[in-house]
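> What shape does this take:
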Amino acid sequence: MKSLGVVNFASAPHSVEIREVEKPVAGDDDVIVEVAAASICGSDLHQWEGSHSWPVNYPVVLGHEFGGKIIELGKNVTNWKIGDRVVSETAAVVDMSSPMSRIGLYNLDPNRKGFGYGVNGAMTKFAKVPQRLLHRIPDSVSFEHAAMTEPCAVAYSAVIDPGHIRPADRILVLGPGPIGVLCSIMAKLAGAEVAIVGLERDRARLDIAASYGIEVIIGDASKWANEVDGLGANGVVDAAGVSATLQLALQLVRPNGWISKVGWGPQPLNFSMDPLVQKNVTLQGSFSHNWPMWERVLRMLGTGTLDLSRILGGVYPLREWETGFKRMHSGEILKAVIMPE
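So this is what the prediction gives:
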């Protein structure tokens, strides 16, 4: 049985097209999910552009942010039944006996392969998912919003999980892409005073952040960072897709503050890291997420604590995938969702 899928078939720019894809076969510990919605990620855009910095197993079906219904169960699958509404984590292949996996940090297993680059993803009708990755979608949450659980978990991992934020802290977020805006919302939910920094061309995305009570800064954020006592922000979340913003983060953070870097940036740094030492700053990279973070985010969605209605900018049938990609890439919208046919 075949269905249509959005396939990235080579590393050259725009090597993405609709192709027929074989329905996957469930292993003993897998389920088959009939995909109801697949959200577009910035990494999908990078692979579409050919600007990514990670290895890809071509050809591969794109999409790692998705939800749907279980339609088949492998023989070892327990606690799940046909018809369950589920979302899936992204770590499709990991070594569960590795040192990282054994302490619950399977997202950091060096052998990890994710949906949409390492194995086929979910921008198609059917996805094979290991049962260890499944989470139940609360009844009150639509498939379109559930498909955005993953970027919310990325933001939770970068902002909440390190445990640095205290009420009334002042937190700066650099970069108003989907992850940056979600990071600013997470910081706001944690009780911080939050500002997000972007450029005039980011106005549409910044306006969405402002609707969540986030202060918007175009250009120089020094005044906001220093207006309390002149020492800088308690924390800076670097969610921009370039390396140079780390230098800016070091300028804006206060002594004994922290920086969480979640935005990819393959460019060389070419600047001194001495301010990190001089200011006694905690610098932490943030990659992916794990089971408890997903459960927290899904509870936030289910209770309405986290409202994604303003984050979702458009829903498109699979054949119109390129429209969603282009609208996100232009900054016209924050997130787009593909509905497989």
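
> switch to C-alpha atoms for all contacts and neighbour counts from now on
Fine.

> which parts of stretch 155-168 are buried?
Using 16 or more other C-alpha atoms under 10 Å as the test for burial, stretch 155-168 gives Ala155, Tyr156, Ser157, Ala158, Val159, Ile160, Ile165.

> can you tell me how far the spatially most central residue of the chain sits from Arg170?
For the chain, Pro151 is the residue whose C-alpha lies nearest the centre (C-alpha atoms, centre = their mean; 2.7 Å). Distance, Pro151 to Arg170, by C-alpha to C-alpha, to the nearest Å: 23 Å.

> re the thing from before, tell me if I am right that the residue nearest to the centre of the chain is in a strand.
No: assigned with DSSP: H, G, I helix; E, B strand; the rest coil, Pro151 falls outside any strand and is helix.

> Contacts only, for it.
Neighbour list for Pro151: Cys41, Glu65, Pro178, Ile179, Leu182 [criterion: C-alpha atoms under 8 Å, 6 or more residues apart in numbering].

> got it, and Asp238?
Val173, Leu174, Gly175, Gly180, Thr245, Leu246, Ala249, Ile259, Ser260, Lys261, Val262, Gly263.

> repeat that with 6 Å
Leu174, Lys261 (C-alpha atoms under 6 Å, 6 or more residues apart in numbering).

> change the start of the numbering to 39 and stick with it
All right, first residue 39 from here; so that's Asp276.

> Could you check the pLDDT of it?
Listed pLDDT for Asp276 reads 98.

> Send me stretch 240-249 as CSV with only the CA atoms.
Taking Å, rounded to 0.1, in the frame of the first residue of the first chain, the C-alpha atoms of stretch 240-249 are listed here in CSV:
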residue,chain,number,x,y,z
ASP,A,240,10.3,40.0,12.0
ARG,A,241,7.3,42.2,12.8
ALA,A,242,4.6,39.6,12.2
ARG,A,243,6.3,37.1,14.5
LEU,A,244,7.0,39.7,17.1
ASP,A,245,3.4,40.9,17.1
ILE,A,246,2.4,37.3,18.0
ALA,A,247,4.9,37.3,20.9
ALA,A,248,3.5,40.7,22.1
SER,A,249,0.0,39.2,22.2
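
> just how off-centre is it within its chain?
Computed by C-alpha atoms, centre = their mean, to the nearest Å, the chain-centroid distance of stretch 240-249 equals 18 Å.

> Give the buried residues for that stretch.
Asp240, Arg241, Arg243, Leu244, Ile246, Ala247, Ala248.

> what does stretch 64-80 give?
64-65, 68-80.

> Could you tell me the end-to-end distance of it?
So stretch 64-80: terminal residues 28 Å apart, C-alpha to C-alpha.

> got the contact list for the residue lying farthest from the centre of the chain?
The centre of the chain is farthest from one residue, Asp267, which by C-alpha atoms, centre = their mean lies 33.6 Å away. By C-alpha under 6 Å, 6+ apart, Asp267 lies in contact with nothing.

> and it, what are its phi and psi?
phi -140, psi 10 (degrees, to the nearest 10).

> if we can go back for a sec, please narrow the contacts of Pro189 to those residing in strands.
If you go by DSSP state E, those have Glu103 in strands.
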